[in-house]
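K.L.:
Sequence first, then the predicted structure, then my questions.
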Amino acid sequence: MNSVESENKGLETIFAENQIQERIRLLGQEISRDYGEETIHAIGMLDGGFIFLADLVRKISSPVSCHFLKMEMMDSQQSGHQPLRSIMYGSLGEVEGKHLLLVETMVDSGITLDHLVQQLALKNPKSLRTAALVNREDRRRVALPLSYVGFTWNGGHLVGYGLDQNGLFGNLPYLAAMSSSSAH
């Protein structure tokens, strides 16, 4: 057993690398049809979204400008209040009149992405759509329509393809479920 196999023990492959790449190819075609020759401002959600964004934009034939955002939830010290969300806009700049495509590897509860969609909508983009490689409908806590979805998953915690567990496994080229013993 090599070091990669021993490090990945306790992982069950859910979506293999070839499945992911084929689905991304199809998503790229769909997005290209929808936008035509319009420039898309694709916004990858950090930390985990950079791998999906990189692969997706290479499959889009429309003109694409890439940007990154980081959102963090901060616990509020005031009881009864929702956690505060901080948005770090990075290279996004002015969005008014632009076609925005938010790209997220996995949408879980949807709360953070929904907050971002609401904030960006206030800035009057020409269009605002979302793309998720994995949609976790079973964990959704807000009504958040997703424009483009690669896969739906209602099982355990996924790692790989940008999704990590304590900083590990995000580099895997596939998506895997962790056994309860490997999650610690």
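P.N.:
Yep, it's here. Numbering: from 1, shown residues only.

K.L.:
middle-most residue in the protein, spatially?
P.N.:
Nearest to the centroid of the C-alpha atoms of the chain, with distances taken as C-alpha atoms, centre = their mean, sits Glu104, at 1.3 Å.

K.L.:
pretty sure that residue contacts Leu46?
P.N.:
No. Counting by C-beta atoms under 8 Å, Glu104 does not reach Leu46; the two are 10.2 Å apart. No exception for glycine: its C-beta is placed from N, CA and C like everyone else's.

K.L.:
who does the longest strand anywhere in the chain pair up with?
P.N.:
Ranked by residue count, the top strand of the chain under DSSP state E comes out as strand 64-74. Its sheet considered, strand 64-74 pairs with strand 40-46 (parallel), strand 84-88 (antiparallel) by DSSP bridges.

K.L.:
picking up where we left off before, the helix or strand in which the residue nearest to the centre of the chain is found: how far from the chain's middle?
P.N.:
Secondary structure assigned from DSSP states H and E places Glu104 in strand 99-107. Mean-position distance between strand 99-107 and its chain equals 6 Å (C-alpha atoms, centre = their mean, to the nearest Å).
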